[in-house]
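Trainee: I'd like to go over a predicted model; first the sequence, then the structure.
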Amino acid sequence: MSALSRTRLGYDGVVAVMPTTIPYVRYSTHSAHWWLGRALGELIRGAGIAKADVDGVCVSSFTLGPDTAVGLMQHLGMSPRWLDHIPMGGASGVVALRRAARAVQAGDAEVIACIAGDTNQVDSFRNTVSQFSRFAQDAVYPYGAGGPNASFALLTDYYMKHYGATREDFGKLCVAQRDNALKNPHALMKKPLTLAQYIDARPITDPIHLFDCVMPCAGAEGYLVMTEDRAKALKLPFVRIRSTIERHNAFPEDPIQFRGGWAMDKDALYEHAGAAPEDIDFLETYDDYPVINMMQFEDLGFCVKGEAATFVREHSFTIDGDFPFNTSGGQLSVGQAGAAGGYLGFVQALRQLTGSAGKTQVEDAKLGLVSGFGMINYDRGLCSGAALLERGTAA
Amino acid sequence: MTAPLVKPKKKNPVERTRLSTRPPVPRSRSAQGLTRAAAEGSFELQVCAECSTVQYPPREVCGNCLSAHLQWKPVDNRGQLIATTTLRHSNDLYFRERLPWRVGTVKMAAGPVVVAHVHEDCVADGPVRLTLKLDRSGQAVLHALPEKDTPNMSDAAQLRESTCDPKFRRVLVTDGKSAMGLAVAKAMLDAGANAVFLGDPTSWKANAAFDRLATDPRVQVVELDVTDTDSVDRLAASIGGKVEILVNTASYLRDGGILGRKDVILARDAMEVNVLGLMRLAQAFGPGMCFRAADGSNNAVAWVNILSIHAFAALPARGAWSASMAAALSAAQTLRAELSGAGVRVLNVFPGPIDEEWEQLTPPPKLAPAAIAKAIVKGLQDGIEDAYVGDIAEEIRERLRENHKAVERELGQ
Amino acid sequence: MSNPILAQFMNELLSGRLKLVDLTQTLAPEFPTIVLPPEFGQAWPFRIEEISHYDERGPAWYWNNFSMSEHTGTHFDAPAHWVSGKDQPDNTVDSIPAENFIATACVIDVSAESAENPDFLLTIDYVKAWEEKHGRIPERAWVLLRTDWSKRTTPKEYLNMAEDGAHSPGPDAEVVPWLIRERNVHGFGTESVGTDAGQAHHLNPPYPCHYYMHGNNRYGLQCLTNLDQLPPQGTLIFAAPLKIRKGSGSPLRVLALAPSA
């Protein structure tokens, strides 16, 4: 393939800063505009810059309708010279970085605010899923689940049958994430979870049980992308970008999803960064259901295909464990604030690498991997992405 | 194996009646191709005219070669169940009331992977047959059925949601004195109907076959003249809450075109029975059926209109009658839209010539009323909404698709 | 009241010495109409649809549309109803002189015979015997045939259909021309669905009452009731059909005045 014979540019001189979270709530009476506006405000105040200094904005939201990023700019009184709207759900955080970093690198914008947020009104989840996609409307929604539970149940069923993963394996990850969440003040889940509680939880959609499901909520996440020079001038701790990947509708011939797009691109990811899975200090995955974590362990190269269950049994996933994983608690324990769920891991990685992760801080974290996964359009998640991030060292 | 359906108990009159809800309705326009196939009981998916790739979910252009020439065609319905789940929770009101509900992923021999309702007799990871059926919203859904029929499989609750099986249901046959009415009543009883209300529009007129059928303890004779609003209303007030399937067999057929007569009396009589009769029945029985559309295993499910293939193409030798058939079809379409809110299905039956007294001069082949009654029962069991019965109906339908002008000219000769 | 006769009439009526008897059947959808072979156009039965009933279709008013043929319910046959009367003068309901809507009536009670034999036919001899008992039929009088057919309340009993058609009493083919010629009657009235007997198509001529009465510009009344409340002689009948242009007949209210027994 000639495209691959060309050398990909690095992300030299571009950094991500200001990991920002607007604390989640289960239900909100506000609209998505409120959540996104607050995130932008926090970014500007936190960075100590003027509103007009933000000349690029990248937005992800499911509940902003009928507006898009365009309408939001007028709502927020912004006049950016660069604007993007990324409808990629769980892959949004990584993809936003890819878009924004290249824009800053090319000089199309100086400071780009990447924001994702959604509201959760009492009935908005049902409305969102019912209008999620044409294929879902035509070929999934009429089959009863009224949300992604059934789709994930089917691929979890397949994965368990084919690779021998058990509910205990999934439970181990969920329990570890809950332990991590108890150290995260933003997490909505405040009570410890035991494996017994996980196993005994009520079934939702076999084999998915209550604690396999994320809790929809309202919230927002954000970060800024700018040049390393500007970050230094603003005295902001920053994170360098070693490599990124994204892929859409990977492996369409697979009869059911047992792998994601990472499996197509992981070699390019590590090669571009000159790094290997062993070098990584922590991993933040997209975790709307635990089976997807298993696939990411495999497809990002931490173990071979089908052996994630063994990998889980051999490692510990708490912040102080031998494989620090979803150190915020992940969506399973923090909550899924719509498109902000696609930023959660990314923003947490920025915290880890800027030393601002508080009680969730992984000691001496220097290199982190964030992966994103999004958009169950029909029977599988279509978007995947990953970013290798490195702690910036002030020169 | 599916447990056989048990005869429903008498309704507890002080218990609240479950109101009808519908599974999700919205579909893309392309997906309505599935609806068309399901409505007629065929299994069709889009096939690319250029690369032959079978598509699912329905698309605008081929997912393989991007050709815009996608044609709906019958395809191999076999497949392998590769994943299953049982919903024990749903955000959807309709499914919430019907849990647990089994769905699965089927890898079709024809290529696509589909999500389908899965019959309880399907073995995990085993072979299945896919069928397209209308759900209670009237939209097409896929059902995965066991590779081979299993005992009582049509009694499975999930499948019964897509069908209108007469088994254990009570049926009103609006005109039980015609050959068609008698045949339908018998067929319904043979199909396991709990009761047949046998309409008698001419109580003054003796009919030995009618009287014989009336001796069956499951048959209750009721006076009903569809041209008389009062009669229709009185009957609805008496048995409206018990009618779970209504088969409108009231029919008026007379020879004659339009210019050949000096009056519209026969035409008006045809309209009175075939069109306004349908409307009177709808106004009187429709609301009660809608109210009971989700009431237990013998909920009100279907409304059957016996129309004619000439609803689509006039037979000038029976011009006034043809006009009444076209009008009745139009009324039936409105009724379908109006009943769909509750999930009551309208099955329109389009026979060709029928072997009965008013078609004496029609040359064979003609359909025995019993053959049409059988098609109605099968249509209800399969859950379709349009049934073309007999070779002539099929042929006219096919020719209408090819060249409706040719049909018009030829029927006029 | 300046006219002493009318004043006396009202007095008689108010005092109850004269009684008013309604000979009309209630118009209702289930009331049978004459049945012709099914390939013919049929006389419409009475049909009624509510326009509004103090409801969303009309909050303060109640009214109905109804439809029926000229020969539905208690109705009047004009001479033009039959081919034999087609050239008679003033032969439709709109042109019949109004004074013809009032006439005296004789009531011939054949209810016992009819109960015995639904095909009972009135004969000249029977009329003559009746006259011997009750007096001669006066000029221009209605001859009303009391059969008690109106007491048959179900359509099945009333139409009394068998495989060979309807069975109900009526006049034979000789008595009708005799009544016209010898007694100059005003018309013939029955309780059954037609002025002719149920099997009258087998008589010669078929339907003789229709044939002769209308052919001689006389009238018919059918579907009458309450004839059992009238004396054999001495009744006055008010029978005014609707004024339908070129109408062959009309439903109507038939009122009888008779001395109280």
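Mentor: Received the coordinates, thanks. Small disclaimer: the values here were computed from a predicted structure and weren't measured.

Trainee: what about residue B:28, is that helix, strand or coil?
Mentor: coil (DSSP: H, G, I helix; E, B strand; the rest coil).

Trainee: That one reaches residue A:136, doesn't it?
Mentor: No: contact criterion C-beta atoms under 8 Å: residue B:28 and residue A:136 do not qualify, at 10.9 Å. Bear in mind the C-beta positions are built from the backbone N, C-alpha and C, glycine included.

Trainee: Please say which of the two ends up with more neighbours.
Mentor: A count of neighbours by other C-beta atoms under 10 Å in any protein chain shown puts residue A:136 above the other of residue B:28 and residue A:136, at 25 against 16.

Trainee: where's the more buried one, which helix or strand?
Mentor: Per DSSP states H and E, residue A:136 falls inside helix A:134-139.

Trainee: ok, is that helix in contact with chain B or not?
Mentor: Yes: applying C-beta under 8 Å from any C-beta of the partner chain, one finds helix A:134-139 in contact with chain B at A:134, A:135, A:137, A:138, A:139.

Trainee: Most neighbours of all those, which one?
Mentor: Neighbour max across these (other C-beta under 10 Å) = residue A:139, 26 neighbours.

Trainee: and it, what does it touch?
Mentor: Counting by C-beta atoms under 8 Å, 6 or more residues apart in numbering or on different chains, residue A:139 makes contact with A:378, B:31, B:56, B:57, B:114, B:115.

Trainee: could you flag which of those are buried?
Mentor: A:378, B:31, B:56, B:57, B:114, B:115 (16 or more other C-beta atoms under 10 Å in any protein chain shown).

Trainee: does stretch B:190-204 come close to chain C?
Mentor: Yes: among the residues of stretch B:190-204, B:203, B:204 lie within reach of chain C under C-beta under 8 Å from any C-beta.

Trainee: Next, the buried residues of that stretch.
Mentor: So stretch B:190-204, judged by 16+ other C-beta under 10 Å, has buried residues B:191, B:193-204.

Trainee: hmm, back to that, could you export the contacts of residue A:139 as a markdown table, including secondary structure?
Mentor: Formatted as a markdown table, those follow (three-state DSSP):
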| residue | secondary structure |
| --- | --- |
| A:378 | coil |
| B:31 | coil |
| B:56 | coil |
| B:57 | coil |
| B:114 | strand |
| B:115 | strand |
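
Trainee: pLDDT of the strand or helix carrying residue A:344, averaged?
Mentor: Counting by DSSP H and E, the element that carries residue A:344 is helix A:341-354. Averaged across helix A:341-354, the pLDDT comes to 98.

Trainee: same check, this time on stretch C:115-127
Mentor: Here the average pLDDT along stretch C:115-127 is 98.

Trainee: do stretch A:284-295 as well
Mentor: For stretch A:284-295, the mean pLDDT works out to 96.

Trainee: count of neighbours near the residue of the stretch 151-300 of chain B found nearest chain A?
Mentor: Of all residues in the stretch 151-300 of chain B, residue B:158 sits closest to chain A, at 9.7 Å by C-beta to the nearest C-beta. Neighbourhood size, residue B:158 [other C-beta under 10 Å]: 19.

Trainee: how about it, secondary structure?
Mentor: With three-state DSSP as the criterion, residue B:158 reads helix.

Trainee: Phi first, then psi, for the spatially closest residue to it that is not a sequence neighbour.
Mentor: Spatially, and ignoring its direct neighbours in sequence, residue B:158 is nearest to residue B:117 (5.6 Å; C-beta to C-beta, 6 or more residues apart in numbering or on different chains). Here the main-chain torsion angles of residue B:117 (degrees, to the nearest 10) amount to phi -70, psi 140.

Trainee: OK, contacts around residue B:117?
Mentor: Residue B:117 touches A:143, A:144, B:101, B:102, B:103, B:141, B:142, B:143, B:144, B:158, B:159, B:162, counting by C-beta under 8 Å, 6+ apart.

Trainee: related to what we said a few turns ago, want to throw the contacts of residue A:139 into JSON lines with pLDDT and distance to chain C?
Mentor: Putting the contacts of residue A:139 into JSON lines (pLDDT from 0 to 100; distance: C-beta to the nearest C-beta, whole Å) gives the following:
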{"residue": "A:378", "pLDDT": "91", "distance to chain C": "47"}
{"residue": "B:31", "pLDDT": "96", "distance to chain C": "39"}
{"residue": "B:56", "pLDDT": "97", "distance to chain C": "48"}
{"residue": "B:57", "pLDDT": "96", "distance to chain C": "45"}
{"residue": "B:114", "pLDDT": "97", "distance to chain C": "48"}
{"residue": "B:115", "pLDDT": "97", "distance to chain C": "46"}
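
Trainee: now the helices for chain C?
Mentor: Using DSSP state H, the helices found in chain C span residues C:4-15, C:111-116, C:124-134, C:155-159, C:175-183, C:208-215.

Trainee: do the stretch 251-395 of chain A as well
Mentor: Ranges of helices in the stretch 251-395 of chain A, per DSSP state H, counting those that start in this stretch, are A:262-273, A:290-299, A:308-314, A:330-334, A:341-354.

Trainee: what pLDDT, on average, does the first one get?
Mentor: It stands for helix A:262-273. 97.

Trainee: how about the CA coordinates for it, as PDB?
Mentor: Output of helix A:262-273 as PDB, limited to C-alpha atoms (Å, rounded to 0.1, in the frame of the first residue of the first chain):
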ATOM      1  CA  TRP A 262      -7.200  -1.300  17.000                       C
ATOM      2  CA  ALA A 263      -6.200  -4.800  15.700                       C
ATOM      3  CA  MET A 264      -5.700  -3.300  12.200                       C
ATOM      4  CA  ASP A 265      -3.700  -0.400  13.400                       C
ATOM      5  CA  LYS A 266      -1.800  -1.300  16.600                       C
ATOM      6  CA  ASP A 267       1.500  -2.000  14.800                       C
ATOM      7  CA  ALA A 268       1.400   1.400  13.200                       C
ATOM      8  CA  LEU A 269       0.600   2.900  16.600                       C
ATOM      9  CA  TYR A 270       3.600   1.400  18.400                       C
ATOM     10  CA  GLU A 271       6.000   1.800  15.400                       C
ATOM     11  CA  HIS A 272       5.200   5.500  15.000                       C
ATOM     12  CA  ALA A 273       5.800   6.000  18.700                       C
END
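
Trainee: Many thanks, I have nothing further to ask.
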